[in-house]
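1. Let's see this in three dimensions:
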Amino acid sequence: MRQIRRWGRWAVFGIVGLMLVCVASAFALTAVNWNFARPWLTRQVSQAIGRDLEMRGDLSLSWRWRPAVAAEAGSQRLGLPVLHVTALDLQISNPTWARSAQFASLGAIELDLALPPLLLHRIEIPSLNLIQPQLDLERGMDGRDNWSFPLPTTGTKPDWVVDLGILAFPAGAISYSDAREHTQLQLSVNTLTQTIPFADTLAEIHALAGHAPVAASATAAEAVQPPVQPYAMSLAVRGLYQGQAVNGQAKLGSVLFANDAHRPFPIQGDVHFGATHITLTGTLIDPARLAALDVRLGLSGASAANLYALTGINLPDTSAFAIDGRLVGTLKPGAISLSYDNFKGRVGGSDLHGTLLFQQGDPRPRLSGSLQSNVLQFSDLAPLVGADSNASKASRGDTFRQPDAKIIPAEPFHTDRWKAIDVDVNFVGRKIVRSADLPIQNLSTHLTMNAGVLTLDPLQFGVAGGTLDSTLRLDGSVEPLKAQLKLAVRHLKLKQLFPSYETKQSNFGEINGDTALSGTGNSFAALAGASNGELKLVITDGTISSTLLEEAGLNVGNVVVDKLFGNKDVKINCAASDFIATDGVLDTRFFALDTEDALITTTGSINLQTEQMNLTVRPQTKGVRILSLRSPLYVKGSFKRPDVGVDKLALALRGGAVLGLALLAPPAAIVPLLSPSHNENLPCAKIIGQMNAAPIAPPAGRRQRSLAPLDVTPGGPAAGALHSK
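-> Below is the predicted model:
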C-alpha cells in the first residue's frame, strides 16, 4: 500500500511537472521573435510549391481559444486552445509563362492550427483569414494554369491530411484570364459597412421585377427556419466571358458562416452578360458543400440561344425574351438536379410559361418539362428555323447572314452541341396568330433529343378548321446530318383559310395531302437541296382570283391567274399536284387544275438547291369563251425574282403555283382524301384517281428514280410505279 502511494505521488508530480513544462513552452513559444525563422520557412514553402514565396512582414505566434460553437440549445462551448499564426505582407510568384509576375499578394495571412490532431498526422485549420488578397488566375492557350502547384510526390499515399474549416477574406481582388475561352474577368469583394436583412433585399428585388409584395409571393427560401443570414459582403465583376462583355454586382452572406448547414446563406445578383440580363435572389444551404439552392431567377435577352455559353444547354434561337421563375434543387457534384418551377414571361410577342427540370446523369445530362403559350405570334417561330430577316439575326447576336438571293433558311444547325444534353419537352401553343385575317389555331409538339438525334413527333398545327400533322427526325449524330419528314394535311377549309375575302363565303372547298421526304445536309437549305421523296396535294370545290392569291402572299400565283382569267373569281372543280423530289429537284409527275372554263396542266421542275423554277402552264379551254387561254404561260427565274410571261416555254411558281402552292415551299404536298361530286367522265374523276397512292421517300442519302409524268387528258395512260435506288 505504501508503495502504491509512493507511485501515486510520483505520478502526480510528473503530471504537474509536464503541465508546467507545457505551459512554460507555450509562453516561450509566444514570447519568441519568430522573424529569425522567416528565411528557413520561405525556403521550405517555396521548394514545396515550386514558386518563390517572399515574406516581407513580421511572423508571430500566439495562443487563443477555438471559435465558439453554437449548441442546439443556443448556449456556447469552448474547445481547446489553438495556435494562432500571423504572417504579414506575403508575395507568391507566378510561373514564367504567365503574363503577370505575381500570383498572389497578401497584406496578411492569419490561421488557427489545432495541435492535438498533428499526433494523428492531420493538419486541422479551423479558420484561415486572408487580408487584402490580390490573386492573378491565368490559363494559357495550351491549357496550363497557374493555380495548380506541382507538389512533390513520393508515389505513395500521403501520410498527412489537411482539414480546412472557415476561409474568410473581408475584402480583396481577383483577376481571371483564360486564353482558350476568350475570358478576362476582374472580381472585387468588400465587406458591407452595415449588414442588410435578407427580407429587405428580397422586397427590393420583387419591386424592381414588378412582382407582388413579398408576403404575397413568398418562396420556400423566405419561410425557412431558422432565419436567413443577413447580407454581409458585396461582390462586383466586369470584363469579358467567352468574348461577351460582363458587368454585374452581387451581395452575399458572411463567409464565416458559409459552412453552416443549419442557417440559409443569402445570395443576390444582377449581371449583364452581353445582351443577356440575369437577376437572382434567394438562398444556398450549406454553400461550402453546395448542398442546395432556392432562388428567384429572372432571365432576359436577345435570344435564348445566347444562354449556351452560361448553361451549356443548347436552347433554340428565339426572339427577344424575358422570363422569371423559381429555381430550386441540389448541387451535389455529379448529381446536380435543378427545377425551374412555374416560370412566366414573353418571347417576342408571345407569352410563355412552364416548368423545366435539369438532371445531371450518365452519359449525358437531361432537360425535361413542359411549356405552354396562350397566344403565340407566328412571327416568333421564324428564328427557330433561321427564317427571320438578317436585321433580326443581328439584333439577337447571330453573326450568320442569309444570302440575299435565297429564301429557304441557310443558317447551319449547331449539331456540335446536340450531343451535350438529352431533351424531352412537350410544348403547346393554344392559339397562334399570324394576322387578324389568317389565324392558325394552335400548335403542339413533343421534342426529344437523344445522343444527337432531334425528333419532333408529333408536330401538329391546327389550320383553317383542319390539321397539319408531321413528324421530323434530324440525326445530328452523323455527318452529314440525315433528315426524314412526313407531313399530312387534312381538311383545311378554304372558307376559313381566307375569312376576310367576301366572295368566298359560299366556298366549301378543302385542301388535303401528304408529303414524305428525306435528305442530308446541315441546314434547311442544304436538306431541301438534297431531298428525295414525293409531295401530293388535292383541292376540291374552291374559288380563286388573282386578288385572293395576292392577299395570300402567292405573288407568282396571282400573276398567273390574272393572265389566264383576269381579275375575277374562278370556280375550281378540283386541283391536284404530284411532285417527285430527286436530289432537290421537284419534277411534276402530275399537276392539273380543272375550272368551269378550262383544264390547266403544268409540267416542268423546281430546283430547291438553286431556288430556280422552270414550269410550263398549258390551258385547254372548254369552248371559245376565253380566248386568252389559247397560249401557254412560262415562269422562269428564282423564287425571289420570278419571271412570268406568255410563251412556249414554262411557268414558274414561287411557293407552290396555282392555289395552295404555298404549302409546297416548306416543302409539303398532299394526298387526296375527298372526291368531288362531279360526273366521272369529267377531268376531276381522273385527276383524283391518279392521287390515291400514299407518298414514299427513300432512306436519307438515297435518291429517287425519275419516271414519266401522268397524263390527265381524256383517255390518257397513267405512269408506272415509283422506285428508289
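2. Only C-alpha atoms from now on, for both contacts and neighbour counts.
-> Will do.
3. wait, residue 64 sits on residue 83?
-> Yes - look at residue 64 against residue 83 with CA atoms under 8 Å: they come within range, at 6.6 Å.
4. And the helices in this structure?
-> Per DSSP state H, the chain carries helices over the ranges 2-31, 38-49, 198-209, 308-311, 390-395, 494-497, 524-529, 546-551, 555-565, 683-689.
5. mind listing what's buried in the second one?
-> Neighbour counts using 16 or more other CA atoms under 10 Å place 38, 42 of helix 38-49 among the buried residues.
6. Using PDB, write out every CA atom in that helix.
-> C-alpha atoms of helix 38-49 as PDB (Å, rounded to 0.1, in the frame of the first residue of the first chain):
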ATOM      1  CA  ARG A  38      11.300  33.500 -41.900                       C
ATOM      2  CA  PRO A  39      14.200  32.700 -44.300                       C
ATOM      3  CA  TRP A  40      14.100  29.000 -43.400                       C
ATOM      4  CA  LEU A  41      10.300  28.900 -43.700                       C
ATOM      5  CA  THR A  42      10.100  30.700 -47.000                       C
ATOM      6  CA  ARG A  43      12.700  28.300 -48.500                       C
ATOM      7  CA  GLN A  44      10.700  25.300 -47.300                       C
ATOM      8  CA  VAL A  45       7.400  26.600 -48.700                       C
ATOM      9  CA  SER A  46       9.000  27.800 -52.000                       C
ATOM     10  CA  GLN A  47      10.500  24.400 -52.500                       C
ATOM     11  CA  ALA A  48       7.200  22.600 -51.700                       C
ATOM     12  CA  ILE A  49       5.100  24.700 -54.100                       C
END
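7. What is it packed up against?
-> strand 53-55 (3 or more CA pairs under 8 Å, 6 or more residues apart in numbering; DSSP states H and E).
8. which other residues reach the strand it packs on?
-> 38, 42-43, 45-46, 87-93 (CA atoms under 8 Å, 6 or more residues apart in numbering).
9. Give the partner strands of it in its sheet and their orientations.
-> Using DSSP bridges, strand 53-55 pairs in its sheet with strand 81-93 (antiparallel).
10. Need the CA coordinates for the strand it pairs with. CSV is fine.
-> Output in CSV follows, covering the C-alpha atoms of strand 81-93 (Å, rounded to 0.1, in the frame of the first residue of the first chain):
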residue,chain,number,x,y,z
PRO,A,81,-6.7,26.4,-27.4
VAL,A,82,-5.3,26.6,-30.9
LEU,A,83,-2.0,28.1,-32.2
HIS,A,84,-2.7,31.4,-34.0
VAL,A,85,-0.2,32.2,-36.7
THR,A,86,0.1,35.6,-38.3
ALA,A,87,2.3,36.5,-41.3
LEU,A,88,2.4,40.0,-42.8
ASP,A,89,3.0,41.1,-46.4
LEU,A,90,3.4,38.0,-48.5
GLN,A,91,4.2,37.6,-52.2
ILE,A,92,3.9,34.4,-54.3
SER,A,93,5.3,34.5,-57.8
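11. Other residues contacting that strand?
-> With CA under 8 Å, 6+ apart as the test, strand 81-93 has contacts from 51-66, 101-115.
12. Out of the residues you listed, which sit inside strands?
-> 53-55, 59-65, 102-113 (DSSP state E).
13. buried subset of those residues?
-> By 16+ other CA under 10 Å, the ones in strands among the contacts of strand 81-93 give 53-55, 59-63, 102-113 as buried.
14. So for stretch 177-186, mean pLDDT?
-> Mean pLDDT, stretch 177-186: 91.
15. likewise stretch 391-410?
-> On average, stretch 391-410 scores 80.
16. what's next to that stretch, contact-wise?
-> In contact with stretch 391-410 (CA under 8 Å, 6+ apart) are residues 302-303, 306, 318-320, 383, 385-387, 389-390, 411, 523-526, 611, 639-640.
17. repeat that with 7 Å
-> The contact list for stretch 391-410 (CA atoms under 7 Å, 6 or more residues apart in numbering) reads 302-303, 385-387, 390, 411, 523-525, 640.
18. Alpha carbons of that stretch, as CSV, please.
-> Taking Å, rounded to 0.1, in the frame of the first residue of the first chain, the C-alpha atoms of stretch 391-410 are listed here in CSV:
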residue,chain,number,x,y,z
ALA,A,391,-31.6,42.5,-89.3
SER,A,392,-33.4,40.3,-86.8
LYS,A,393,-30.5,37.9,-86.7
ALA,A,394,-28.1,40.8,-86.0
SER,A,395,-30.4,42.0,-83.2
ARG,A,396,-30.2,38.7,-81.4
GLY,A,397,-26.4,38.4,-81.8
ASP,A,398,-26.4,35.9,-84.7
THR,A,399,-23.5,36.5,-87.0
PHE,A,400,-24.9,34.4,-89.8
ARG,A,401,-26.3,36.3,-92.8
GLN,A,402,-28.9,34.7,-95.1
PRO,A,403,-27.9,35.1,-98.7
ASP,A,404,-29.9,37.9,-100.3
ALA,A,405,-31.0,35.8,-103.3
LYS,A,406,-32.2,32.8,-101.1
ILE,A,407,-35.5,32.2,-99.4
ILE,A,408,-35.0,28.8,-97.8
PRO,A,409,-33.1,29.3,-94.5
ALA,A,410,-29.4,28.5,-95.0
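19. Residue 444 is in contact with residue 462, correct?
-> No - the pair residue 462 / residue 444 is not scored as a contact, 8.9 Å apart, by CA atoms under 7 Å.
20. is residue 612 in a bridge, and if so with what?
-> residue 607, residue 638.
21. ditto for the one 4 residues further on
-> Per DSSP bridges, the residues bridged to residue 616 are residue 603, residue 634.
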